[in-house]
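S.K.: Sharing a model prediction with you, sequence too.
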Amino acid sequence: MRHRHFGSLLFLAGFAVAACGGASFEAGVIADAGDDGGSSTTPDDGSADTGVTHVVGPPAHADAGKDAADHADGATDATLDAGEPGEASADAGPDAGPCPSTQKLCGDTCVSITSPVTGCADTSCTPCSLPNATATCNTSGACAVGACNAGFEHCTGPTSGGCETSITTATNCGSCTNACTIADPDCAASGATWMCTSGCSGSNVLCNSACVDESTSTADCGGCTSSSKSYACTAPANGAATCTSGACGFTCNANFTACNGNACDSLTTDTSNCGACNHACPVPTNGVATCAPVAGVGTCGISCDSGYQLCNGACVQADPSAAFVSSSSSATSGCGAIGAPCGTITAGIAYAVAEGKTHVYVDHGTYEEQVTLTKGLTVEGGWIYGGAGAWTKECSTGTDPSSVTIIAPTAASIAVLAKDVTATLTNISVHNQTTAAAGESIYGIFAASTGTTNDTSLTLNAVEITVAAGGGGSSGSTDTPPGLPASNVPPCAASDGKAGATVAAGTTSAGSYGSSGFVPGAGTAGQVGNAGDNGTTGAAGTCAPSTTCDTSAGGCQPAVTVCGGQGAPGCGGSGGARGLGGGGGGASIALFVWKATVAVNGGSFASQNGGPGGAGGSAGSPVTAPTTGATGSPVNVASCTQKPAGQCTGSTKSEPYGGAGTTGGAGSTGGAGAAGAGGDSYAYYTGGAGTVTTSGTPTFTFGSG
């Protein structure tokens, strides 16, 4: 199968985004999942929940209409989609660097050192949480009371204890130091504060020397607390207890939200509720998830384990037991360990094979060599060697493979060869020579199986291939002129004197493919010209009686008839030389796949034009011209006059010539050679039941051919 007429293609991998919040609860529970769902007295204002009442009633059950909050990142849980609430890129390179003096690093985000949301001072990122109070940061960089909740004051101990004293009791009525007297033994609410009184009014009842409204009092909610039974309301961490209509509940402190109805969660620091309720930050391999505010919104991040580097959303480390290659090294033997890299990829692969390694890490640089992959091996670019065994991932270019480039030597038409192997190539650029030889085909990566079954499986991750144009076909020439046939060499046998028959020119056929790659389509040679036929024999000469004088025989002899001779025929001319066929143009193929399976993940594949076919050779003209027929030979006629006594006198004279032979036929011109076919151009070519599958966003471009 051929794959070329698709220009630049884009393949997108899908991903799913989870829904968060929106759960409703019944049986007296008012649950909130990030938005102020409102209470019986407070309408929903659409803002983040910082004080919604969560009334505790009978056991709650999740509403059947609740949507499951599924979250999928579409990758490997390493990089978050910046478009979702509470999500952003997990890293900005190997190290975010130091923060300004007024900020500190929480996860991988710089935050203020004076915000109670991420803890005070520069040593902790734990949010301030003070009982019965709204927190602030004091001048010493410690969590302190900003404001007490209604009915509480900070009376004793450090401010880290929050507002620990209830000012609704007779012991501390309205303030830390106001104790009710015998005259006024009770403590009752009076406007925004509490005052000592001698009796309870309205809906208040006397409970433990205090006037309380059991429908609103958090200490005596729905009943008076005694040694045998407590009616006091409790609240989770980072929240304050409430009492509504005699039922306990709680409100969350500022910057905290009750996501699941029983706890106050920080949407800016809680990795289980980062940026939104129930939005859990993905836990990376070899690291921990973090949550820190970015522009006030909780954003997931990653903190890598010791020895690992944060790179493009993943914690990475070069396997110290693998094979290593660096362009800064000149070693080709006795090399390959982490602190003694080889200078060529070929040498690194040899070390990996000898030592049973499966991974070869390649330092940035250019490697001019033909690389042959071996079975079970991964060759990975995108690393930087800092010397003394220090290897770091090159993250600034993402998955750009251009930092590691394999360039095939001038004599090699293939840059990377994979035959009968299972191998992986990652973050590497593959180039080829810039000028191909005549008729030469150029390949970036050549993947093929030599047997009858598919024994080659190759994975290409972020691999970029750019190859040169195929070589143009060589021009055909005119062949050596043919000699005369034996029949046309004097003396020539008589024939009809016809010219040689016209011959055909050569033909052009397209190139073909096999396990060895592209076979250019060469033009065929034309036919050799035909020799001309020999000429005809001349007509017979004139005949006459001839009498000779012979005195010894008694005088004139009896007359005999003599005739002139026939002229010999001319010889036919030689045929013209044939024109030889032009050579076929070579192909330009970025990825060649024959009886192999190749998985392409991202990257780019670009071929140039196929080589043009060479011109066919010119037809040859006849070299040996036909000859003219010979004239007939003359005849001498004798005459005799008889004398007495047996004497005689004689004389001779020449009579007309015989007929001349005709000229031989001319030979025909040879046939012209055909031009070679042009080579093909493919971003990738598959044949022999080979397959290519794609994912990510690979691009494919090709030239003409």
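M.R.: All right, it came through fine. Residues are numbered from 1 along each chain as shown.

S.K.: Show me what stretch 630-645 is in contact with.
M.R.: 538-549, 555-557, 562-568, 570, 648-661 (Cβ atoms under 8 Å, 6 or more residues apart in numbering). Where C-beta positions appear, they are placed from N, C-alpha and C, glycine not excepted.

S.K.: List buried residues within the residues you listed.
M.R.: Neighbour counting with 16 or more other Cβ atoms under 10 Å marks 538, 541-542, 544, 546-549, 555-557, 562, 564-568, 570, 648, 650, 655, 657-661 as buried within the contacts of stretch 630-645.

S.K.: First-to-last residue distance for stretch 467-485?
M.R.: In stretch 467-485, first residue to last residue: 52 Å (Cα to Cα, to the nearest Å).

S.K.: Report the mean per-residue pLDDT for that stretch.
M.R.: If you average the pLDDT over stretch 467-485, you get 93.

S.K.: how about it: buried residues?
M.R.: Neighbour-count burial for stretch 467-485 flags 467-479, 481-482, 484 (criterion: 16+ other Cβ under 10 Å).

S.K.: Distance of Ser217 relative to Cys200?
M.R.: For Ser217, the distance to Cys200 equals 12 Å [Cβ to Cβ, to the nearest Å].

S.K.: of the two, who's got more company?
M.R.: Each of Ser217 and Cys200 has its neighbours counted (other Cβ atoms under 10 Å); Ser217 has more, 27 against 17.

S.K.: Can you pull the phi/psi pair for the more buried one?
M.R.: Phi and psi for Ser217, reported as degrees, to the nearest 10, are phi -70, psi 130.

S.K.: Return the distance of it relative to Thr234.
M.R.: Per Cβ to Cβ, Ser217 is found 14 Å from Thr234.

S.K.: Please apply the same query to Pro131.
M.R.: According to Cβ to Cβ, Pro131 and Thr234 sit 11 Å apart.

S.K.: And the two? Which one has more around it.
M.R.: Neighbours were counted for Pro131 and for Thr234 using other Cβ under 10 Å; Pro131 has more, 21 against 11.

S.K.: Could you pull up the residues touching that one?
M.R.: Applying Cβ under 8 Å, 6+ apart, the residues near Pro131 are Gly161, Gly162, Cys163, Glu164.

S.K.: Quick check: pLDDT value at it.
M.R.: pLDDT recorded at Pro131 is 85.

S.K.: so which helix or strand takes in it?
M.R.: Assigned by DSSP states H and E, Pro131 belongs to neither a helix nor a strand.

S.K.: What does it show for phi and psi?
M.R.: According to degrees, to the nearest 10, Pro131 has phi -60, psi 130.

S.K.: in the stretch 301-450 of the chain, which spans are helices?
M.R.: 345-355 (DSSP state H, counting those that start in this stretch).

S.K.: pLDDT weak spots in it?
M.R.: Scanning the stretch 301-450 of the chain for pLDDT under 70 picks out the ranges 396-402.

S.K.: So Asp122 versus Gly301, what's the distance?
M.R.: Distance from Asp122 to Gly301, by Cβ to Cβ: 18 Å.

S.K.: ok, those two, which is more surrounded?
M.R.: Neighbour count, other Cβ under 10 Å: between Asp122 and Gly301, Gly301 has more, with 28 against 14.

S.K.: Could you report the separation of the more buried one from Asp108?
M.R.: Separation of Gly301 from Asp108 (Cβ to Cβ): 4 Å.

S.K.: Quick one: residues contacting Ala415.
M.R.: Ala415 touches Gln370, Val371, Ile406, Ile407, Ala408, Val430, His431, Asn432, Tyr443, Gly444, Ile445, Val467, counting by Cβ under 8 Å, 6+ apart.

S.K.: Can you report phi and psi for Gly161?
M.R.: According to degrees, to the nearest 10, Gly161 has phi -80, psi 0.

S.K.: no no, Ala553
M.R.: Main-chain dihedrals, Ala553, degrees, to the nearest 10: phi -100, psi 10.

S.K.: What count of nearby residues applies to it?
M.R.: By other Cβ under 10 Å, the residues close to Ala553 number 11.

S.K.: Look up how far Thr426 lies from the nearest residue to Gly307 once chain neighbours are set aside.
M.R.: Of all residues not flanking Gly307 in the chain, Gln317 sits nearest, at 5.8 Å (Cβ to Cβ, 6 or more residues apart in numbering). Distance, Gln317 to Thr426, using Cβ to Cβ: 15 Å.

S.K.: cool, Tyr682 as well?
M.R.: Taken as Cβ to Cβ, the span from Tyr682 to Thr426 is 23 Å.

S.K.: who has more neighbours, those two?
M.R.: Taking other Cβ under 10 Å, Tyr682 and Thr426 do not tie; Tyr682 has more neighbours (25 against 21).

S.K.: surely that one meets Ser704?
M.R.: No - using Cβ atoms under 8 Å, Tyr682 makes no contact with Ser704, being 11.5 Å away.

S.K.: Would you mind listing the residues touching both of the two?
M.R.: Common neighbours of Tyr682 and Ser704 (Cβ under 8 Å, 6+ apart) do not exist.

S.K.: so which of the contacts of Pro131 is the most crowded?
M.R.: With neighbours taken as other Cβ under 10 Å, the top of those is Gly162, carrying 25 neighbours.
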